[in-house]
Every structure is written in C-alpha cells, then in structure tokens.
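Chemist: below is the sequence, then the predicted model.
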Amino acid sequence: MKIIHTIALVLIYLVLLIPITTALSISNVNIKGVAQTNATVEFTTDLPAQGMIQYGKTIAFGDMVSGPTTTNHELILENLQRDSQY
C-alpha cells in the first residue's frame with residue numbers, strides 16, 4: 001500500500017510540473033516607421049511572450065528578429081530592400 005501511495009504522489013508531482021499551454025491571441029498589429037531599409041512592427045499579445053517575426057522575400061523567409069518577453073511588442077525589420085515585396 002505504501003508503494004501505491006508513493007507512486008500516486010510522484011504522479012501528482014509530475015502532473016504539476018507539466019506546463020499548461022494556451023494559444024496566444026495577437027492583436028493591434030501596426031506597421032510604423034517605414035524607412036529606406038527598415039520598418040517597425042508593433043503588436044500586442046494577451047499573455048507575456050517573446051515576440052518574433054520571420055521575414056524574407058521568399059517562402060523560406062531568411063531573416064528573423066525577436067524581442068523580450070512582454071505583452072507589448074515592437075520589433076524592427078532591418079536590411080529591407082526598396083520596392084520589394086516581403
């Protein structure tokens with residue numbers, strides 16, 4: 001009986017260690033500060049998260065920018081080429 005009790009406690013402990021994952025809600029996406037070779041992207045998330053944007057001129061992207069863990073994000077896309085679609 002003691003072994004079963006110990007196993008139950010270990011299982012409860014392990015379940016408590018598993019992080020609960022929820023989907024983030026992204027809103028208020030805004031592109032500002034567009035310049036010759038960069039642009040600033042702002043957005044908010046409903047939970048603190050590390051902001052990250054992958055961008056490029058092809059489906060393979062090629063560039064990435066990330067920021068700190070927060071709910072209000074402001075990331076700068078750099079090395080953009082003029083008159084190009086991303």
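Modeler: Everything's here; your move.
Chemist: what strands line up against the helix or strand that contains residue 67, and which way round?
Modeler: Residue 67 belongs to strand 63-77 when elements are defined using DSSP states H and E. If you go by DSSP bridges, strand 63-77 pairs up with strand 39-55 (antiparallel).
Chemist: can you tell me what sits against the helix or strand harbouring residue 30?
Modeler: Residue 30 is located in strand 26-32, with elements delineated by DSSP H and E. The set of residues external to strand 26-32 that reach it, using CB atoms under 8 Å, 6 or more residues apart in numbering, is 39-46. In short, each C-beta sits where N, CA and C put it, glycine included.
Chemist: go again with 7 Å.
Modeler: For strand 26-32, contacts defined as CB atoms under 7 Å, 6 or more residues apart in numbering pick out 39-45.
Chemist: what about the residue lying closest to residue 73 once chain neighbours are set aside, neighbour count?
Modeler: Of all residues not flanking residue 73 in the chain, residue 51 sits nearest, at 3.5 Å (CB to CB, 6 or more residues apart in numbering). Neighbours of residue 51 under the rule other CB atoms under 10 Å: 21.
Chemist: pull out the buried members of the contacts of strand 26-32.
Modeler: The neighbour count (16 or more other CB atoms under 10 Å) marks 39, 41, 43, 45 as buried among the contacts of strand 26-32.
Chemist: my read is that residue 37 contacts residue 77, right?
Modeler: No: using CB atoms under 7 Å, residue 37 makes no contact with residue 77, being 9.3 Å away.
Chemist: more neighbours: which of those two?
Modeler: Between residue 37 and residue 77, counting by other CB under 10 Å, residue 77 is the more crowded of the two (18 against 10).
Chemist: that's all I had, so thanks and see you.
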